[in-house]
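In: sequence unknown, structure follows:
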């Protein structure tokens, strides 16, 4: 058997697995939210207030993210060309683990509302960053994607009060599945 045959079989197997995962997700998503339940983002996000450092308070883990990534944070800033720069970091496995970091850019998909962004980390695909809830004072936010695969509860501080967390969780649950939500450890963290 040639190596080309083996590679084609491996590619076919991988594509089949991805297709099945996608179908399973769509079935599961349909259980929680029908196709008519369009994801609703915010009507208006003041980009200048939204910029800055965000600490990940909780997330729905994704298959391509580290299983345990304490001290997770994201910094959003405007460069001299008015492009939003994105810097994400966390520590691998423990608060003292190796720093994991990635940088990219964000482009608004709705410049009028500024609640839908496309994130480019220079990978095989761009990520989606849709803001579905936000504290009036921009102290916390709930972010997902149009397929509802991801879910992030973010805060401008490493700790979020129980009442603010409950409010964010309630708003997230109205549009996404929160059953897999995992909190992020920020105890004794040092941030870059």
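Out: It's in. Keep in mind it's a predicted model, so treat the numbers as computed, not measured.
In: the protein: helices as residue ranges?
Out: Taking DSSP state H as the criterion, the chain carries its helices at 3-32, 47-50, 162-173.
In: lowest-confidence stretch among those?
Out: Lowest mean pLDDT within the helices of the chain: helix 3-32, a mean of 41.
In: and the strand of greatest length in the chain, what's its mean pLDDT?
Out: Ranked by number of residues, the top strand in the chain under DSSP state E is strand 99-108. Strand 99-108 carries an average pLDDT of 95.
In: how far does stretch 170-184 sit from the chain's center?
Out: Put simply, stretch 170-184 sits 12 Å off its chain's centre (Cα atoms, centre = their mean, to the nearest Å).
In: in that stretch, what's buried?
Out: By neighbour count on 16 or more other Cβ atoms under 10 Å, the buried set for stretch 170-184 is 171, 172, 175, 176, 177, 178, 181, 184. (C-beta placed from N, C-alpha, C; glycine too.)
In: next one: residue 38 from residue 146, what distance?
Out: Distance check for residue 38 against residue 146: by Cβ to Cβ, to the nearest Å, it reads 9 Å.
In: now do the contacts for the nearest residue to residue 84 once chain neighbours are set aside.
Out: Leaving aside its chain neighbours, residue 84 sits nearest to residue 106 (4.0 Å; criterion: Cβ to Cβ, 6 or more residues apart in numbering). Residue 106 makes contact with 76, 84, 85, 86, 117, 118, 119, 120, 129, according to Cβ atoms under 8 Å, 6 or more residues apart in numbering.
In: run the last query once more with 6 Å
Out: 84, 86, 117, 119 (Cβ atoms under 6 Å, 6 or more residues apart in numbering).
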